[in-house]
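>>> following is a predicted model, sequence given first.
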Amino acid sequence: MNAARAPPAVVQTPGFAHYALAWSPFHTTRLALASAANFGLVGNGRLHLMAMGLNGVGLEKQFDTQDGLYDVAWSEVHENQLVTGSGDGSIKLWDIMLNDLPIRAWQEHTREVFSIDWSNLQKEFFISSSWDGNVKLWSPDRPRSLLTLNAHHACVYQALFSPHQPDTVATCSTDGTMKIFDLRSPSYVPAPPGSATLPPPMHVAALTVPASPTEVLSLDWNKYRPWVIATAGVDRTVKVWDCRMVKVGGEGGQVGAPCETQMMGHEYAVRKVQWSPHRAELLATASYDMTCRIWNTAASPGQPQLLDILDPHTEFVVGCGWSLYEPGVLATCGWDSRLHIFHV
């Protein structure tokens with residue numbers, strides 16, 4: 001592990017536990033935090049806007065919500081807009097140049113919205129996933145969702161667009177599976193413009209991988225290897241899958257899924273995984289063991305290397321994110337109400 005590392009920049013937001021963070025795709029020093037009072041169990045939420053400067057990192061602005069916020073994603077088309085997912089099932093679009101109120105809100109999910117992802121290929125769309133088992137596709141200009149994926153029969157912890165294929169979405173769930181959906185599939189019909197009814201849901205996944213005997217809490221697409229995905233969850237193991245190697249049988253079925261690499265070392269469930277946008281082999285993992293770990297997944301065949309353990313947090317680390325512009329800059333957030341920014 002690296003012996004020398006610059007001390008982290010840190011900021012604390014008392015009274016609000018952090019659930020997720022997102023770096024702005026437009027501004028090199030700006031990031032957003034999705035937070036909740038009382039660890040997200042009950043109470044209000046808060047969207048924090050942070051900025052890095054010569055004197056460290058500081059709070060620029062904040063927005064309060066009636067329920068806890070579990071995820072946040074920046075718009076890919078408007079530098080001042082971002083979208084949040086809430087514990088009351090709502091999704092809100094914010095403009096940071098305006099005060100207090102969201103500029104648009106949607107209420108279709110019947111349970112907590114646990115992840116939000118904005119497509120960086122089809123920049124007019126974002127997706128949400130919920131504990132109600134559904135994933136929904138949205139456009140910020142439309143009053144209703146464009147389509148619904150009945151992705152799992154259990155909580156969907158995360159849904160992410162592929163950074164390589166614009167119509168491909170990966171999901172992970174309480175049921176221990178990772179699924180891949182092709183939005184071009186004929187098994188759904190998008191809602192026509194101005195429609196007063198929701199489109200029929202899509203059920204069939206293009207691929208289903210039994211990724212864990214327990215809950216899969218997080219996944220991420222590798223930014224350089226198009227069909228490589230990392231997953232992690234309650235079993236404390238981080239796994240890397242090459243989906244081209246999966247043998248498929250039946251309709252969306254799976255009969256053999258060789259795991260390319262496994263990383264073990266976290267003492268409790270792994271809450272977040274994220275590949276570096278600058279290096280294909282570099283992976284960050286955040287865990288309930290209060291650490292974030294940095295891995296080299298290509299150190300040797302089947303033998304990943306643990307590069308570093310970041311452990312300044314005093315509570316669960318539930319979010320991590322690599323800077324989109326500064327190689328080696330990593331932010332982490334957790335239930336101790338702290339945001340740390342490292343140079344690793």
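Noted; the coordinates are in hand. As the structure is a computational prediction, the values presented were derived from the model and not from experiment.

>>> lowest-pLDDT helix or strand in this structure?
When the helices and strands of the chain are scored by mean pLDDT, DSSP states H and E, strand 6-12 comes last with a mean of 79.

>>> what packs against it?
strand 56-65, strand 338-343 (3 or more Cβ pairs under 8 Å, 6 or more residues apart in numbering; DSSP states H and E). Backbone N, C-alpha and C define where each C-beta goes, glycine included.

>>> make JSON lines from the ones you listed and add distance to residue 26 and mean pLDDT to it.
Formatted as JSON lines, these follow (distance: least, Cβ to Cβ, whole Å; pLDDT from 0 to 100):
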{"stretch": "strand 56-65", "distance to residue 26": "14", "mean pLDDT": "92"}
{"stretch": "strand 338-343", "distance to residue 26": "18", "mean pLDDT": "95"}
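
>>> and among these, the most buried is which?
Most buried of the helices and strands packed on strand 6-12, by mean neighbour count (mean count of other Cβ atoms under 10 Å): strand 338-343, with a mean of 21.

>>> in its sheet, what does that one sit against?
strand 6-12 (antiparallel), strand 329-334 (antiparallel) (DSSP bridges).

>>> I figured residue 68 hits residue 19, correct?
Yes - applying Cβ atoms under 8 Å as the test, residue 68 and residue 19 come out as touching, 7.4 Å apart.

>>> on that earlier part again, buried sites along the least confident helix or strand of the chain?
Neighbour counts over strand 6-12 (16 or more other Cβ atoms under 10 Å) mark 8, 9, 11 as buried.

>>> which one of these is nearest to residue 233?
Nearest to residue 233 among the buried residues of strand 6-12 is residue 8, at 26.3 Å by Cβ to Cβ.

>>> show me the shaky parts of the chain.
Applying pLDDT under 70 to the chain flags the ranges 1-7, 186-203, 247-257.

>>> in the stretch 51-200 of the chain, which spans are strands?
For the stretch 51-200 of the chain, strands defined by DSSP state E, counting those that start in this stretch occupy the ranges 56-65, 69-74, 81-86, 91-95, 104-106, 113-118, 126-130, 135-138, 147-149, 156-161, 168-173, 177-182.
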